[in-house]
Structures are given as C-alpha cells and as structure tokens.
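1. let's see this in three dimensions:
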Amino acid sequence: MNILLVHGSPDPRHREQAELLATRVAVELGDDVRAVTLDGGQIPHGARVLPLFLGEGRHAGEDATRFAERYGGTLLPPLSQAAEQLADLGVSMAASMLASREPVIFAFYRFRCFERLLSAIYAQRKRLTRMGMASLHGVPDCMDMVRFWQGEGAQRLVIQPMLLFAGRSLDAAMAGVASAQMQLVWGEPLTAHPDMPRLIAGRLRGAA
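-> Numbers count the residues shown, from 1 in each chain. So this is what the prediction gives:
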C-alpha cells in the first residue's frame, strides 16, 4: 500500500482533491494508493508513506516521521525534494496563460520553509518575461504585488498558486485582490497539471 500523506483541512474540497489525486496516481503507478491526513487514522503496517508537502518545515519532518513510526510505515523523502520538477509544472502552467510581456506572480503558502521551491522557480526566470513572488500568509502578499505591477503599467496579471490543493488560503487570497483595477487571471493548483500523477508515481517507484 502507498500512502500520500497530506496536511488535512476542515474544507471538504481538500479531501476530495487529495482522494482524486490518489486515484490518478494509482492508475499511473499500477498499485494501490490512498490519501491520508496527518490525523486521519491508521494505515496498513509496512505501508510506504510519501509526505505531500511543498515546504520543508515541521509537517514534512517531525510530523511525518511520527506518523510513519506510529503505524510501522516506511517514510519516503517528501515531495518538497522534487522542487525542480514542481517548479517546472508551475512555470508551465503560468506560461500557458501569458500573452507577450505580461507579468506573473507565483503565490506561495508562505516563504519560510519553501526556500528550495522558491529557488527552483527563480532558476526558471528566463522562461518568463516578468515575474514576482507573493506569500498567502506574509509579505509581500498578492495585493502588494498587484499594486506593484499596476504601478508598472501592467493591464493584465497572471497569478499562479504554488499550492497542491485549492482551499481557504487560496479563497482568501483571491478575495483580497478582487478589487484590483486590472485583469487578474488565476491559475489552478499544481495537482491540476496532468503530469502531477506521473511525478508522484515516479517518486514512489524511485523509492521502491
């Protein structure tokens, strides 16, 4: 059994998206895959546990380790270690929405503990004309960056969430910029990319 370990949320959309991702990964992998939250109950003894965390904080380290040990699971390296591949997905999604010389903002949950992914995005800056970074829980936030690009004369701005799933944080960010006097185009979370199941299945195969 392969377990995709996710944070969990009171928002029911989170579980729906996680379970859909697990189904897609199972098809790609040809093996059983289940999405489980950190507080989501018991898993089969010996199951392989892949933490689906983009940051490298407590959840990807201490919490995932305790979860795997509690149920006798085998802990795999977290998804955050695939930063270059994740950045490629995010940049590809953003680039598909851009017209000539339009700016793009990559919106992170927060900057702290996400440095590896931030660096991987920045390393791909030549694929984009103009880009910036925003934090959903910190500064600069999305509205700060919207004001910046308005000051630069931009009429249209793409915002690509560097999140796995839609939820309350993304809802709040979108509501926070709803009054902006420019056209805002929001991308989908990373799990909407058709290559995400292949990426995750590859991490599971590589750890076999």
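
2. the residue lying farthest from the centre of the chain and Met174, how far apart?
-> Computed with CA atoms, centre = their mean, the residue of the chain farthest from its C-alpha average is Gly153, at 29.5 Å. Here the distance between Gly153 and Met174 works out to 23 Å (CB to CB, to the nearest Å). All C-beta spots, glycine's among them, are computed from the backbone N, C-alpha and C.

3. give the buried residues for the lowest-mean-pLDDT helix or strand in the chain.
-> Every helix and strand of the chain was ranked by mean pLDDT, DSSP states H and E. The lowest is helix 64-70, at a mean of 92. Within helix 64-70, the residues scored as buried using 16 or more other CB atoms under 10 Å are Ala64, Phe67, Ala68.

4. do stretch 137-155 as well
-> Judged by neighbour count (16+ other CB under 10 Å), stretch 137-155 contains these buried residues: Pro140, Asp141, Cys142, Met143, Met145, Val146, Phe148, Trp149, Ala154.

5. the first one reaches Ala134, doesn't it?
-> Yes - with contacts defined as CB atoms under 8 Å, Pro140 counts as touching Ala134 at a distance of 5.7 Å.

6. narrow the buried residues of stretch 137-155 to those in helices?
-> Among the buried residues of stretch 137-155, the members falling in helices are Cys142, Met143, Met145, Val146, Phe148, Trp149 (criterion: DSSP state H).

7. how is the protein divided into domains?
-> With automatic domain parsing serving as the domain definition, the record reports that the chain contains domains spanning 2-81+193-206, 83-192.

8. count of residues packed around Gly132?
-> Residues within reach of Gly132, counting by other CB atoms under 10 Å, total 18.

9. which strand or helix spans it?
-> Per DSSP states H and E: Gly132 is located in strand 130-135.

10. name the residues of that strand that come out as buried.
-> Buried residues in strand 130-135, defined by neighbour count with 16+ other CB under 10 Å: Met131, Gly132, Met133, Ala134, Ser135.

11. so Ile159, which state does it fall into?
-> Look at Ile159: counting by DSSP: H, G, I helix; E, B strand; the rest coil, its state is strand.

12. what residues are up against it?
-> Contacts were defined as CB atoms under 8 Å, 6 or more residues apart in numbering; by that measure Ile159 touches Val104, Ile105, Ala107, Ala134, Cys142, Val177, Leu184, Val185, Trp186, Gly187.

13. residues in a beta bridge with it, which ones?
-> Here Ile159 shows beta-bridge partners Ile105, Trp186, assigned using DSSP bridges.

14. and it, how far from Leu29?
-> Here the criterion is CB to CB. By it, Ile159 lies 32 Å from Leu29.

15. Val139 now?
-> Using CB to CB, which is the criterion applied here, Val139 is 40 Å from Leu29.

16. please work out the average pLDDT along whichever helix in the chain runs longest.
-> In the chain, taking DSSP H as the definition, the longest helix is helix 12-29. Summarised as a single mean, pLDDT over helix 12-29 is 95.
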